[in-house]
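Undergrad: I would like the atomic coordinates for the input below:
(2 chains)
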2 protein chains.
Amino acid sequence: MVRITYEEMQEVLKKLFLKHHFTDQKAALLAKIHSESTLAGVNSHGINRVPPFIKYVKNGWVDIQAEATQAETIGNIERWDGKFGSGVLNAVKCTERAVELAKNHGMGLVALRNTNHWMRGGTYGKMAADKGCIAIFFTNTISNMPPWGAKENRIGNNPLIVAIPREEGPILLDMAISQFSFGKMYGYKLKDEQLPFIGGWDKADNLTKDPKKIMASKRALPIGYWKGSALSMILDMLATLLSAGNSTYRISQKEYETGISQIFLCINPKVFNDHTLHENLLNEIILYTRDAATMHPEDNIYYPGEQSSKKEIANKKDGMLVDEKIWQKIETLLLGIDF
Amino acid sequence: MVRITYEEMQEVLKKLFLKHHFTDQKAALLAKIHSESTLAGVNSHGINRVPPFIKYVKNGWVDIQAEATQAETIGNIERWDGKFGSGVLNAVKCTERAVELAKNHGMGLVALRNTNHWMRGGTYGKMAADKGCIAIFFTNTISNMPPWGAKENRIGNNPLIVAIPREEGPILLDMAISQFSFGKMYGYKLKDEQLPFIGGWDKADNLTKDPKKIMASKRALPIGYWKGSALSMILDMLATLLSAGNSTYRISQKEYETGISQIFLCINPKVFNDHTLHENLLNEIILYTRDAATMHPEDNIYYPGEQSSKKEIANKKDGMLVDEKIWQKIETLLLGIDF
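TA: This is a model prediction of the structure:
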C-alpha cells in the first residue's frame, strides 16, 4: 500500500480525465468524487474504479460528450435521460435537481435512465444531506445474484442509499443488497481467509463462507436470504418503472453493464421548520443505540456512516492508503501506455 | 386448526368490535382488515392479533374514540397525529390521504405519529396499489433486536412495505428487518424444529438456529447482520423525524408498545401516462426472474407478494385455516367472558 494525499489524488486524477478528453470542469468533478470516496475508505468504489472507468471511456461505453437531459416532468417528479454518459456526472446532476425540487416542493423525485455506474452511491446521499435534504437513492445493476431458490443470476445487488442531514455530519446508509460484494470477497481470498458469515453458494448449491468457491460460482447471497432477493427485485422494478429505463433483465442482455436506471428521492426536512427537534430526535436515537452493552468489550456500536466519517478525518490528516498496483496503473494510464 | 370462511370471520369480528364500542363503520373496517390479512395466509398479523388488540382496547391503550388529524402540512408532505387510536384505522386513513396527495401532486407523503400497531403492513401497501399508486410504507416498533455488536435490544424490526400496482394484482413486499419474527420462531419451537438459518443469539452470545434459545435471550438477528441493523436504525430515524413522533428509544420506555411512528409515501405512476409500458416492464422483470433454473426441481421462483395472492384465492374458496385455540378465544371474548 502507498499513502497518497487527498490533494495529490485529485490532481493526478484530474490530469488523467483531461487526457481522456473530459472538459476541465468535468475532469475536476470526476477527480473530486473518486478522491472523496477513497477518503471515506471506500477504495473499492473510489480509486480502484478508475482503471475500469477509463476502459469504459476508451471503448466508447461511456459517452464523454453526453449531457443528461430532462425527458418528462409532472410537478415534483421528473424523468431524466442520462444518454449513456458518465454515471458520476449524471448522478451529481440528478442529485442537485432532486435537492432543488425538494427545496421548492418539500419533496422531489428524479428517475434517471440510460446512465452508467455511479461508483460510490453514498457520495450522492452525502451531497444531498450536506444541502439539508433527506435522500433515498437507489440504482439497479447487471444481474449478479440468484433470486431465492434459483441457481442462475437474475437479480442485481442494487445498492440502496439513505442519508439524513445532521449538524455533526450526515447519517449515511450505503448498502448493496448482497451480503458481501465481490470486491470484499476478493480481499478475503487474497488473504486466504474465510468470510465471517455465509456469503453465497458453491457450484454444488451449498451455502458457503469460502470466497474462492463463491467467486467461482458467481452466486452471491442476498442479505436476509429470501428477503433481500425480494427487496432487490422490487428496487429494480421501481427504478425501471419510474425512469422508463432498463431493468436488470435488459441490462443483463449486454456483455457489460450500461444503460442502468436510478432513483433520486429527496425530502427537505426544513418544510416543518424544527431544526432543534430534528437534531434532538436524532441524537436521542444515537445515544440510546450506543448505550447498549456490547458482546465484546472492545466493540463499539456505530450509527450508519459513522465509521466512514471517522475515516475521512483520519485520511485527510494522514493520507489515504492505496493499493500499490492500482496507483501504478493510474500512473501508467497517465503516461498513456495502454494496458 | 379449524376452517373459517372469510364471510364468517368478518361477521364474528364485527360483532366483537361492536361489543367493544367501536362504531358500526369502524367495527366493519377492523373486521375486514383482520380477515383480509388472514385470507392472505398471514394469521400471525390477522386473526391471531385480535385477542391482544382487544386487550389493548380493554386497558385503554388504544383510544377507540380517537380520530387521526392533520397536524402540519406543506404541499405534498403532511404530518398526522394518530392520537393513540387504533393503528389499523389510523393507517387506513393515512394510506387514503397519501394516495390522494399522490393523485394530486404525483407524489405524496404522510408521516403519522402517536399511532398503534397496524397489524399487517402489507394491507395498506395493497390498498394503495389497488388504487393505482406505488407505496413505500414503514413503521418503527418497540426495541426488539440488538444493534450490530450489542447484546441488548435497542432497535426495532421496523417493517418495510413496498407495493407496485399491476393488472394481475399488486407486487407486494412486506418484510420486517428481523430474519425471523418471534411468531415464526414460536411455530418452529412448537414443532420442536430448528430454524432453517441462523435467527438470533443465545444467552452466551452465540448465533444459533435454535428458536428456544433465541426466544429465551429475546435477541433476534437483523437481516444481513450489520446491514439490517443499520437499515433498522435509519428507518426509525426517518419515521421519527418526519412525523416528529416517538423513536424506538421513546417507545421502549413504556412497558407496552404504543405511540409509534409511520411513513406513508405514495407515487402515482400514472403521472407519466404509460400504462402499457408499466405492465410490459413489470412482466419482463417477472418472466426473466422466473426463467432461472432452480436448485431443486420442485422449487419455484416467486415475485414479492405472489404467494400471498395465491393463498388469498385458495382461502377464499376453501376457507381459512385458523388455530383452534385462537378461534375459541375469539368466541369466548364475544361471549364476554374475561381472560
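
Undergrad: the inter-axis angle of the helix or strand hosting residue A:264 versus strand B:260-267?
TA: Per DSSP states H and E, residue A:264 falls inside strand A:260-267. Strand A:260-267 runs at 130 degrees relative to strand B:260-267, counting by axes from the mean of the first three to the mean of the last three C-alpha atoms, to 10 degrees.

Undergrad: Around the residue in the stretch 51-200 of chain A that chain B sits nearest to, how many other residues sit close by?
TA: Residue of the stretch 51-200 of chain A nearest chain B, by C-beta to the nearest C-beta: residue A:150 (3.6 Å). C-betas here are computed from N, CA, C, even on glycine. When neighbours are counted by other C-beta atoms under 10 Å in any protein chain shown, residue A:150 registers 22.

Undergrad: Surely it and residue B:291 touch.
TA: No. Applying C-beta atoms under 8 Å as the test, residue A:150 and residue B:291 come out as separate, 9.1 Å apart.

Undergrad: Give the residue spans of the stretch 151-300 of chain A that score low on pLDDT.
TA: Nowhere does the stretch 151-300 of chain A drop to pLDDT under 70.

Undergrad: Tell me which stretches of it form helices.
TA: With DSSP state H, counting those that start in this stretch as the criterion, the stretch 151-300 of chain A has helices at A:182-190, A:211-217, A:226-243, A:248-251, A:275-290.

Undergrad: Just say which of those helices is most tucked in.
TA: helix A:226-243 (a mean of 26; mean count of other C-beta atoms under 10 Å in any protein chain shown).

Undergrad: how big is the angle separating that one from strand B:260-267?
TA: Between helix A:226-243 and strand B:260-267, the angle comes out at 40 degrees (the same axes, to 10 degrees).

Undergrad: Please enumerate residues in contact with stretch A:12-32?
TA: Applying C-beta atoms under 8 Å, 6 or more residues apart in numbering or on different chains, the contact partners of stretch A:12-32 are A:9-11, A:34-35, A:50, A:54, A:57-58, A:64, A:86, A:88-89, A:92, A:330-331, A:333-334, A:336.

Undergrad: which strand residues sit across from the residue of the stretch 51-200 of chain A closest to chain B in the sheet?
TA: Going by DSSP bridges, residue A:150 is paired in beta bridges with residue B:294.

Undergrad: Just the buried ones out of the contacts of stretch A:12-32, please.
TA: Buried subset of the contacts of stretch A:12-32 (neighbour count, 16 or more other C-beta atoms under 10 Å in any protein chain shown): A:9-10, A:34-35, A:50, A:54, A:57, A:64, A:86, A:88-89, A:92, A:330, A:333.

Undergrad: quick check, nearest of the residues you listed to residue A:230?
TA: residue A:88 (29.5 Å; C-beta to C-beta).

Undergrad: if I pick that closest one, what's in contact with it?
TA: Going by C-beta under 8 Å, 6+ apart, residue A:88 touches A:29-30, A:33-34, A:118-119, A:123.

Undergrad: try 10 Å
TA: A:26, A:29-30, A:32-34, A:37, A:49, A:53, A:62, A:115-120, A:123-124 (C-beta atoms under 10 Å, 6 or more residues apart in numbering or on different chains).

Undergrad: ok, now residue A:269?
TA: By C-beta under 10 Å, 6+ apart, the residues touching residue A:269 are A:102, A:106, A:132-134, A:164-165, A:275, A:277-278, B:77, B:238, B:241-242.

Undergrad: returning to what we had before: could you export the helices of the stretch 151-300 of chain A as a markdown table, including distance to residue B:197?
TA: Formatted as a markdown table, these follow (distance: least, C-beta to C-beta, whole Å):
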| stretch | distance to residue B:197 |
| --- | --- |
| helix A:182-190 | 20 |
| helix A:211-217 | 17 |
| helix A:226-243 | 10 |
| helix A:248-251 | 25 |
| helix A:275-290 | 25 |
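
Undergrad: Which one of those lies nearest to residue B:307?
TA: helix A:226-243 (10.3 Å).

Undergrad: what inclination does the closest one have with respect to helix B:275-290?
TA: Going by the same axes, to 10 degrees, helix A:226-243 makes 150 degrees with helix B:275-290.

Undergrad: Tell me if helix A:226-243 is near chain B.
TA: Yes. Helix A:226-243 is in contact with chain B by C-beta under 10 Å from any C-beta of the partner chain, via A:226-238, A:240-243.

Undergrad: And for stretch A:124-133?
TA: No. Between stretch A:124-133 and chain B, judged by C-beta under 10 Å from any C-beta, nothing touches; the nearest distance is 10.5 Å.

Undergrad: Only the buried residues of that stretch, if you could.
TA: By 16+ other C-beta under 10 Å, the buried positions in stretch A:124-133 come out as A:124-129, A:131, A:133.

Undergrad: okay, now the domains of chain A?
TA: In terms of domains, chain A is parsed into A:2-59+A:308-335, A:69-178+A:224-271, A:180-221 (source: automatic domain parsing).

Undergrad: Output those domains in JSON lines; the columns should cover distance to residue B:322.
TA: JSON lines is the format used below for the domains of chain A (distance: least, C-beta to C-beta, whole Å):
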{"stretch": "domain A:2-59+A:308-335", "distance to residue B:322": "49"}
{"stretch": "domain A:69-178+A:224-271", "distance to residue B:322": "25"}
{"stretch": "domain A:180-221", "distance to residue B:322": "35"}
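
Undergrad: out of these, deepest packed?
TA: When you average the neighbours per residue for each of those (mean count of other C-beta under 10 Å), domain A:69-178+A:224-271 leads with a mean of 24.

Undergrad: End to end on that one, go ahead and measure it.
TA: One end of domain A:69-178+A:224-271 to the other measures 28 Å (C-alpha to C-alpha, to the nearest Å).

Undergrad: again, but for stretch A:141-153
TA: One end of stretch A:141-153 to the other measures 12 Å (C-alpha to C-alpha).

Undergrad: Check stretch A:318-328 too.
TA: 20 Å.

Undergrad: Which neighbours do residue A:150 and residue B:291 have in common?
TA: With C-beta under 10 Å, 6+ apart as the test, residue A:150 and residue B:291 both reach residue B:301.

Undergrad: Could you export the buried ones among the contacts of stretch A:12-32 to CSV, including columns for pLDDT, secondary structure and distance to residue A:179?
TA: Output for the buried ones among the contacts of stretch A:12-32, formatted as CSV (pLDDT from 0 to 100; DSSP: H, G, I helix; E, B strand; the rest coil; distance: C-beta to C-beta, whole Å):
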residue, pLDDT, secondary structure, distance to residue A:179
A:9, 98, helix, 30
A:10, 98, helix, 33
A:34, 98, helix, 26
A:35, 98, helix, 28
A:50, 96, helix, 26
A:54, 96, helix, 30
A:57, 96, helix, 31
A:64, 95, coil, 35
A:86, 98, coil, 29
A:88, 98, helix, 26
A:89, 98, helix, 31
A:92, 98, helix, 29
A:330, 96, helix, 30
A:333, 94, helix, 33
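
Undergrad: Which parts of the stretch 101-250 of chain A are strands?
TA: Using DSSP state E, counting those that start in this stretch, the strands of the stretch 101-250 of chain A run over residues A:107-115, A:134-139, A:160-164, A:171-175, A:200-201, A:207-208.
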